[in-house]
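S.K.: just coords:
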């Protein structure tokens, strides 16, 4: 079973309210919402919008997504994490997504890695005390940019609050097998990101500088089952004895139409029927 969420970041350049997004999510057959922390901060002046409010609509916030600092004063990161935990509590969420730094694992020195591990341990301790888990995302140009680098980081931090958000396409981008990644990291994987691309040469479209820009290129971004990676096989490979939490991470145009159709197709794959052409 897959618990599916939309990402509010999909609507970063759209004038859509949280009630409108929640209504759309419920009608589209989604189970939850992955809330971008930038949006959560802007919603703090609307306290009636909360986890309880979403639950009444049959939804929940599956994860808050943000970017904790791994350089600069430690207190700045602690302040950011305190705010994140407070927002998570308001939305009845326990998962906080972050990136493991901003440097590829192969380019990170031993001293830099030691500092990153130390900071991540502190973050995990702080999150754990607030009832939250910290999920590092598998992502290029971070310390979690490959299967082995991610496992090494988990072992080095060695904290029960450290989990993984497995971005399936980014593992494939690293020329590794996402199914293998799942099997090796299954105990730590608490969330999945689903997105696809038409051809490998268009993967740069997902670079943060491009994807967050309203004028950025969307070339190559396609619905989940129309891309270069075989998501049908990946989804069918997931064990049936647990609930898999996943977000449809769409960054292209027409987000409501694409997200609704991807959700529909995932449900078809789960029931053993072939995707529509």
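M.R.: That came in fine, so what should we check first? All values reported here derive from a predicted model rather than from experimental measurement.

S.K.: pLDDT weak spots in the protein?
M.R.: 273-277 (pLDDT under 70).

S.K.: any idea how far residue 210 lies from residue 268?
M.R.: With distances defined as CB to CB, to the nearest Å, the gap from residue 210 to residue 268 amounts to 31 Å. No exception for glycine: its C-beta is placed from N, CA and C like everyone else's.

S.K.: Please apply the same query to residue 220.
M.R.: When distance is defined by CB to CB, residue 220 is 24 Å away from residue 268.

S.K.: Give me the more crowded residue out of the two.
M.R.: Shown here are residue 220 and residue 268; by other CB atoms under 10 Å, residue 220 has more neighbours (19 against 15).

S.K.: quick one, what contacts the more buried one?
M.R.: Remark: with contacts taken as CB atoms under 8 Å, 6 or more residues apart in numbering, residue 220 is in contact with 197, 198, 199, 201, 202, 203, 205.

S.K.: quick one: contacts of stretch 10-28?
M.R.: Identification of contacts with stretch 10-28 by CB under 8 Å, 6+ apart yields 5-6, 8, 32-33, 36, 38-39, 43, 46, 49, 54, 57-59, 212, 214, 248-251, 255-256, 259-260, 263.

S.K.: swap the cut-off to 6 Å and go again
M.R.: Outside of stretch 10-28, the residues that reach it under the criterion CB atoms under 6 Å, 6 or more residues apart in numbering are 6, 33, 49, 57, 58, 59, 214, 250, 255, 256, 260, 263.

S.K.: now do stretch 29-42
M.R.: Stretch 29-42 has contacts (CB under 6 Å, 6+ apart) with 3-9, 25, 59-66, 87, 247, 263.

S.K.: ok but residue 145 is inside a helix, no?
M.R.: No. Residue 145 sits outside any helix when classified using DSSP: H, G, I helix; E, B strand; the rest coil, being coil.

S.K.: Would you list the phi and psi of the residue nearest to residue 76 when sequence neighbours are not counted?
M.R.: Distances taken as CB to CB, 6 or more residues apart in numbering place residue 69 nearest to residue 76, at 6.0 Å, with adjacent residues excluded. For residue 69, the backbone dihedrals are phi -80, psi 140 (criterion: degrees, to the nearest 10).

S.K.: so residue 69 touches residue 78, yeah?
M.R.: No. Distance between residue 69 and residue 78: 9.9 Å, which falls outside the contact criterion (CB atoms under 6 Å).

S.K.: Let's see which of the contacts of residue 220 end up in strands.
M.R.: For the contacts of residue 220, the ones inside strands are residue 197, with DSSP state E as the criterion.
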